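*Asks:* Next one to model:
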Amino acid sequence: MALRFETRASDSPWVDTVWTCTSDQVTEMTSVATACWGLVFWELEGTAYASVSGPETGTGTAPVPEGATFVGIEFAVGTSLRAAPTPDLIDSGVELPDATHRTFRLDGLRWETPGPDDAEALVDRLVRAGAVVRDPLVAEVRRGRRPVVSERTVERRFRAATGFTQGAVRQIERVRNASALLAAGAPVADVVSKLEYFDEPHLARALRRYVGRTARQLREGTGGAIALDLDQPTTS
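*Replies:* Now for the predicted structure:
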């Protein structure tokens, strides 16, 4: 009983990751906090579906259609749909109408349904058409640069673009990285030190709030299906 994930990074500045997944005898999963919104395409019993998934502020339980195959695009923090600003999508999602095996409808137009290898081509078309937009200041901040505006302005625009404070995004990204390290067998003390948690209870609270797993469950691979590719390499 599992969700079989495969995730890859993207060289597009508009995309965080591209993933595929197959649900095998799974009817529900633990959802995991994420600062990204996404497009999700799946097929079940010969019928095609498409949806927009919003960022998630914490962990929970979500249903999974058994036997479905998925392709997902997670967009970079700071990007947004013109038709649905990212803050409006937090802890929610939107099913897209008239999806077929070949096309889906978004922002009043029909688009070709992507596979995992041509996700960036779809994103390029969405960007050129103005269907996906971003605040360039947020992109600059995410690259580690300091814009020539006040910190208050940066924080206001960051929150307007993402629905999160910068600190909240860092917390979510850190705990997801911690989960991958623990799943790869890293000792808890090493994860605490590497990711600068105050102590092991601090890490445990973050895992409980954002991931819905204990460090032991992550290290042992127990706790049931989870919406996280724990085989994905970490970079920080």
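
*Asks:* where does this protein have low pLDDT?
*Replies:* 1-2, 231-236 (pLDDT under 70).

*Asks:* ok, now with 80
*Replies:* Applying pLDDT under 80 to the chain flags residues 1-3, 25, 230-236.

*Asks:* which one's the longest helix in the protein?
*Replies:* helix 166-183 (DSSP state H).

*Asks:* same for whichever helix or strand comes after that helix, what does it pack against?
*Replies:* Of the helices and strands lying after helix 166-183 in sequence (DSSP states H and E), the nearest is helix 188-194. Applying 3 or more CB pairs under 8 Å, 6 or more residues apart in numbering; DSSP states H and E, one finds that helix 188-194 contacts helix 166-183, helix 200-210. C-beta: built from backbone N, CA, C; applies to glycine.

*Asks:* List of residues touching helix 188-194?
*Replies:* 178, 181, 182, 186, 197, 199, 200, 202, 203, 215 (CB atoms under 8 Å, 6 or more residues apart in numbering).

*Asks:* Spell out which helix or strand contains the most centrally placed residue in the chain, please.
*Replies:* Geometric centre of the chain, nearest residue: residue 36, 4.4 Å, by CA atoms, centre = their mean. Per DSSP H and E, residue 36 falls between elements, in no helix or strand.

*Asks:* For it, which non-adjacent residue is closest in space?
*Replies:* Nearest non-adjacent residue to residue 36, counting by CB to CB, 6 or more residues apart in numbering: residue 74, 4.3 Å away.

*Asks:* can you give me the helices for the chain?
*Replies:* Under DSSP H, the chain gives helices at 86-89, 119-128, 136-142, 151-162, 166-183, 188-194, 200-210, 215-220.

*Asks:* Kindly calculate the angle that the longest one makes with helix 151-162.
*Replies:* By that I understand helix 166-183. 60 degrees (axes from the mean of the first three to the mean of the last three CA atoms, to 10 degrees).

*Asks:* Helix 166-183 vs helix 200-210, what angle?
*Replies:* 100 degrees.

*Asks:* Just the buried residues of helix 166-183, please?
*Replies:* 166, 168-169, 171-183 (16 or more other CB atoms under 10 Å).

*Asks:* wait, residue 9 sits on residue 17?
*Replies:* Yes - between residue 9 and residue 17 there is a contact under CB atoms under 8 Å: 5.9 Å.

*Asks:* okay, those two: which has more neighbours?
*Replies:* Ranked by neighbour count (other CB atoms under 10 Å), residue 9 and residue 17 place residue 17 first, with 18 against 12.

*Asks:* who's in contact with the closest residue to the more buried one other than its chain neighbours?
*Replies:* Spatially, and ignoring its direct neighbours in sequence, residue 17 is nearest to residue 74 (4.7 Å; CB to CB, 6+ apart). By CB under 8 Å, 6+ apart, the contact list for residue 74 reads 15, 16, 17, 18, 19, 34, 36, 37, 38.
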